[in-house]
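Take this sequence and fold it.
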Amino acid sequence: MNAAAPPAGFLDYDKSLACIHCGLCLASCPTYLETGNENDSPRGRIYLMRAVQDGRLPLAETAVRHIDLCLGCRACEAACPSGVQYGELLEHTRDHIEKHYRRSPFQNFLRHVAIERIIPFPRRLRLALVPARLIRAVGVQKLLPGFARDALSLLPDRLGVERLPELSPASTEPGRGRVGFVSGCVMSLLFGETNANSVRLLNHAGYDVVTPPSQGCCGALYAHAGNLESARASARCNIEVFARQKLDAIIINAAGCGSALKEYGQLLRGDPLWAERAKEFSAKIKDLSEFLILADLFARQGSPSQQSTPLPGGEQTADRPATVPHAGGVGRGFTGTRRDSVSEANRVTYHDACHLAHPQQITKQPRDLVKLVGGKNFVELPESDVCCGSAGSYNLTEPEMAGRLQRRKVENILKTGAQTVVTTNPGCILQIRAGLKMAGAKIEVLHLADFLMRGENGPGARY
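Down below sits the predicted model:
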C-alpha cells in the first residue's frame, strides 16, 4: 500500500524531509543553547512546521511561539551535514503564519507598521525617531515600559548626515572598474559616515562607485517577518534600478542585506519574467570585505611591509606575499602594514555577523582585514559566531531573548580584554553597543569600514 502523498501547502515538503533529526545543529542554535527546549531547536521547529502543514497541529500560540522565537540566524545551516535549507523553510512558514494567525493589536502594529512600513523607508524612520530622540535627550525614558526603554537604548547618539553622490570616482588608477553600492535603509540613516567610508575604500582600491538614489529596501526585513510578497517587490525594484548601470559588481556593507541580495535568484525563481535577471543580479553581489580582499586594497597603498596574512588560494613565503584568485579581473598581491607591537590598549576583536558567517560563509576575509590593521593586537572572540540578539528586528519583537543573547555576547567580549569590537552589520553594532553601555564597559564598537579608515596605517591615513 502506497503512503498518502503529503499535502500541498506553504512548506516545500521534500526540503523539510532533508532534515534527518541528527541533532548536529543543536550546539549551534542560540535559542536552544539558552532554553534547552527541543521545540526551540532547528530540528524541533522543522517538526512543528510539518505538523502544522499536515494538520496534526493547529496554527495556535503553542506552535507560533517557538517559530517566533527563532532568530533566523541560520547557524544551523552551516552545521547541517544534510544541507537543509532552513532559512527558506522558516520564511515560508512565517509567511503562512502572518496570513493565517491572529496576533495581538500591539504585535500587529509592531510587525506590520513599525517594521514593515517605517524602518525600510529612511525618511519615515527619521521622522519617527524625532520623538524617540527627544525623550532620550530629556531623560524621561525611565517612565516608559521596559520594551520601549530597550528600543530607545539601541539608538546611536547621532544620525548619519553624509549623503552619497550618485557617482564617486576612483581616487587611484581610474578605469580599473565600476561598481554599484547598496546604501541600505538603516545604514543610510544611522550609519551615513560608514557608508561614506565604504565608498572611499572602494575608490581607493581604484573603482568608480555608483550609488543609485532610486534604490530601495533589500527586502530582508519583509522576508524575515513573513511578508514574501513585499520582499519580492523590493527585489524586482532593486534589480531594475541597478540594471540601468553597467557594473562589474554590486557592493553591500551590511551582512543581513547582503544575504538577502545574494538570494534574489531563490526568492524569484518561480517568476518566469524575473528568475533569470534575479540570478544575474545576485551573482554580482559582493560583501565589502569579500571585495576588498579580491581588490587587494592594502597592496595599493605601496606599503613597505612584506608581512601578510595567508589568503584563500594563495601561498605565503618570507619574500612573496600571498595572492588571491582572480575574480572578474580582480586579484593582485596583498600586503598590509599592521601593528606588530603588542599593546593591551589597542586590543581588537571581531564579532561574526550571522548572515555574513552562515548563509554567505564569509568569516576569513573580514578577519584578514582586521588583522592587517590590528596585527598582534587581534584576539579571537569566544562564541564569535553566536548571534548577539539583534537579528534584524528580533530585538524589537522578542526583547527578552534578545537581551539574554546580548548579555551572553557582552560577557564574551569582556573576556577578551579588547578595547575595540569590529563587525559588519548595523543591527549588531547597535545591539552590542547598547549591551556594553549597560554593562558600564567603555569599549568601542565599529563597522569594519570605519575601523579600516581609522587604522594607524590603513587607507584612512592617506586621506
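
any idea how far Q406 lies from L189?
Distance, Q406 to L189, by Cβ to Cβ, to the nearest Å: 22 Å. For the C-beta atoms, the positions are set from N, CA and C on the backbone; glycine is no exception.

Let me fix that, I meant to ask about R269.
32 Å.

And those two? Which one has more around it.
Ranked by neighbour count (other Cβ atoms under 10 Å), R269 and L189 place L189 first, with 23 against 14.

Grab the nearest non-local neighbour of that one.
P122 (4.4 Å; Cβ to Cβ, 6 or more residues apart in numbering).

Just give me the neighbour total for the closest residue to R176 other than its chain neighbours.
Distance criterion Cβ to Cβ, 6+ apart; nearest residue to R176, sequence neighbours excluded, is G206 at 3.6 Å. Using other Cβ under 10 Å, G206 is surrounded by 19 other residues.

Check the contact between G206 and D296; I expect there is one.
No - assessed by Cβ atoms under 8 Å, G206 is found out of contact with D296, at 9.7 Å.

where do the contact lists of those two overlap?
Common contact partners of G206 and D296 (Cβ atoms under 8 Å, 6 or more residues apart in numbering): none.

Next, please give the residue ranges for the strands of the stretch 101-250 of the chain.
Here the stretch 101-250 of the chain has its strands, by DSSP state E, counting those that start in this stretch, at 167-168, 177-182, 207-210, 249-252.

Tabulate those in CSV, adding columns for distance to V199.
Shown next, in CSV, are those (distance: least, Cβ to Cβ, whole Å):
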stretch, distance to V199
strand 167-168, 5
strand 177-182, 6
strand 207-210, 5
strand 249-252, 9
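
closest to K262 out of those strands?
For the strands of the stretch 101-250 of the chain, the distance to K262 is smallest for strand 249-252, at 8.7 Å, taking Cβ to Cβ.

by contact count, what packs against the helix or strand just after that closest one?
Per DSSP states H and E, strand 249-252 leads on to helix 255-262 as the next helix or strand towards the C-terminus. Helices and strands touching helix 255-262, by 3 or more Cβ pairs under 8 Å, 6 or more residues apart in numbering; DSSP states H and E, are helix 220-225, strand 249-252, helix 275-284, strand 285-287, helix 354-357.

give me that answer again for 6 Å
helix 220-225, strand 285-287, helix 354-357 (3 or more Cβ pairs under 6 Å, 6 or more residues apart in numbering; DSSP states H and E).

who's in contact with C257?
184, 218, 220 (Cβ atoms under 6 Å, 6 or more residues apart in numbering).

From those, pick the one nearest V379.
Nearest to V379 out of these is G184 (Cβ to Cβ; 29.2 Å).

Check A254 and give its pLDDT.
What the model reports as pLDDT for A254 is 98.

and if you look at L127?
88.

which intervals of the stretch 151-300 of the chain have sub-threshold pLDDT?
Where the stretch 151-300 of the chain drops to pLDDT under 70, the residues are 151-153, 160-162, 173-174, 298-300.

can we see that at 50?
Judged against pLDDT under 50, the stretch 151-300 of the chain has no low-scoring part.

Next, R176: phi, psi?
The phi and psi values for R176, taken as degrees, to the nearest 10, are phi -70, psi -30.

and it, how many neighbours does it have?
R176, neighbours per other Cβ under 10 Å, totals 17.

cool, F181 as well?
25.

how much space between it and S198?
As judged by Cβ to Cβ, F181 and S198 stand 7 Å apart.

same thing with G184?
G184 is 10 Å from S198, by Cβ to Cβ.
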